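[1] compute the structure for the input listed below.
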Amino acid sequence: MLRQPLIRSDKLVILAYWVILAPHERVALFQGGTHMNTILGKGPKTPWHLWVVGIVSLLWNSGGAISYSATKLGMLESAGLPSDQIAYFSSFPAWASAFWALGVWGCFVGSALLLLRTKHAVTAFGISIVGLIGVTVYQRLFADIPEALQTIGNDLFAAAIWVITLGLFFYASRMKRAGVLK
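    Below you'll find the predicted structure:
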């Protein structure tokens with residue numbers, strides 16, 4: 001009959017690490033710090049807020065993906081948009097349309113990658129920012145925006161898109177630095 005060792009090797013490593021820790025590191029470890037996870041080859045636990053941010057941002061960005069797809073598939077009339085607004089969205093030059101696609105799909109994919117806990121979410125959100133810059137340049141400098149779309153509500157919506165996109169980029173960057181996104 002084989003005897004089980006009194007202390008398994010992984011427990012021995014943990015014990016040895018515990019002994020050499022400085023007192024403040026022991027406190028951090030006891031309070032749920034990430035030292036032990038690093039020693040055992042595990043990353044930090046996924047925080048609850050990652051799931052909230054990921055799901056809410058995926059829902060938010062689904063709206064942009066649907067809007068972009070409806071525009072490119074010629075479905076704006078069935079959505080009830082007036083003809084001048086349909087003409088405006090349909091008249092985007094190829095370069096502005098490409099930036100719009102980068103912005104919308106970069107953010108949508110970034111949200112999905114955030115939920116998958118991959119570091120590539122940061123890259124996707126970065127691509128989305130590039131797209132947002134390009135489409136904003138087009139809209140503010142070159143486009144002839146219909147009067148019905150020149151409202152404070154639309155300006156606030158554009159500002160919200162900027163704040164959310166930048167916020168998602170910085171959030172994903174922080175989660176990557178914390179080791180949550182691999």
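[2] please verify my assumption that residue 135 contacts residue 95.
    No. The pair residue 135 and residue 95 does not pass the contact test of CB atoms under 8 Å, sitting 9.8 Å apart. Just so you know, the C-beta spots here come from the backbone N, C-alpha and C atoms, and that holds for glycine as well.
[3] how about the nearest residue in space to residue 112 that is not next to it in sequence, secondary structure?
    Residue nearest to residue 112 in three dimensions, not counting chain neighbours: residue 58, with 6.3 Å by CB to CB, 6 or more residues apart in numbering. When classified by DSSP: H, G, I helix; E, B strand; the rest coil, residue 58 comes out as helix.
[4] one step back: between residue 135 and residue 95, which one's more packed in?
    Neighbours per residue, other CB atoms under 10 Å: of residue 135 and residue 95, the larger number sits with residue 135, 24 against 13.
[5] please, which helix or strand holds that one?
    For residue 135, the host element (DSSP states H and E) is helix 120-137.
[6] one more: residue 43?
    Going by DSSP H and E, residue 43 is not part of any helix or strand.
[7] that one: neighbouring residues, count only.
    14.
[8] specify the local secondary structure of the closest residue to it other than its chain neighbours.
    Leaving aside its sequence neighbours, residue 43 sits nearest to residue 179 (CB to CB, 6+ apart; 4.8 Å). Using three-state DSSP, the secondary structure recorded for residue 179 is coil.
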